[in-house]
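**Student:** This is a predicted model, with the sequence first.
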Amino acid sequence: MGKELIKLNLTSQDILNKQFKPSKSGYDSYEVDEFLDNIINDYRLVEKNMLLKKKQYDDLLKQFHEIKEQKDKLEIKNRSYEDKLKDINDTSKVTIDNIDLIKKIDRYERFLWKQGINPNNIK
């Protein structure tokens, strides 16, 4: 949906103010007026509908830009998290040696706790 709107050649006011030249063999002015009144009512509906559609379009466009901005911010945040977590997901770095080291640290911590020393306070 583009920004271009349907450009009407006449407005309801143009139709309302239109004056026809009388002629001897012309049409019944009452019948013409009644027909033009119907056209004016239709035009008013069209004009009102166009204004509503334009407002809806503008609101949706604004919403789109807000959502796009949120999406861009979330993508940046996501990339940041991916960078932080990429090593965690890389299981090739987890080796038996690492597991052995963790077990060894655990044993040392347990020993220190038994001695009454809090390992978290050691610097």
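**Tutor:** The structure has been received and is ready for your questions. Numbers count the residues shown, from 1 in each chain.

**Student:** only C-alpha atoms for contact and neighbour calcs from this point on.
**Tutor:** OK.

**Student:** Pull the residues that contact stretch 63-78.
**Tutor:** Residues outside stretch 63-78 that contact it (C-alpha atoms under 8 Å, 6 or more residues apart in numbering): none are found.

**Student:** With stretch 37-50 instead?
**Tutor:** Residues contacting stretch 37-50 (C-alpha under 8 Å, 6+ apart): 5, 11, 12, 13, 15, 16.

**Student:** State the pLDDT value of residue 75.
**Tutor:** Looking at residue 75, its pLDDT is 94.

**Student:** ok, now how distant is it from residue 68?
**Tutor:** Noted for residue 75: a distance of 10 Å to residue 68, by C-alpha to C-alpha, to the nearest Å.

**Student:** so is residue 21 in a helix, a strand, or just coil?
**Tutor:** coil (DSSP: H, G, I helix; E, B strand; the rest coil).

**Student:** Can you pull the phi/psi pair for it?
**Tutor:** Reported as degrees, to the nearest 10, the phi and psi values for residue 21 are phi -80, psi 130.

**Student:** and what of residue 11?
**Tutor:** phi -110, psi 170.

**Student:** okay, which residue of the chain is out on the far edge from center?
**Tutor:** No residue in the chain sits farther from the centre than residue 24, which is 62.2 Å out by C-alpha atoms, centre = their mean.

**Student:** Go through the chain and flag its longest helix.
**Tutor:** The residue-count maximum for a helix in the chain (DSSP state H) belongs to helix 29-89.

**Student:** Toward the C-terminus, what is the element adjacent to that one?
**Tutor:** helix 96-114 (DSSP states H and E).
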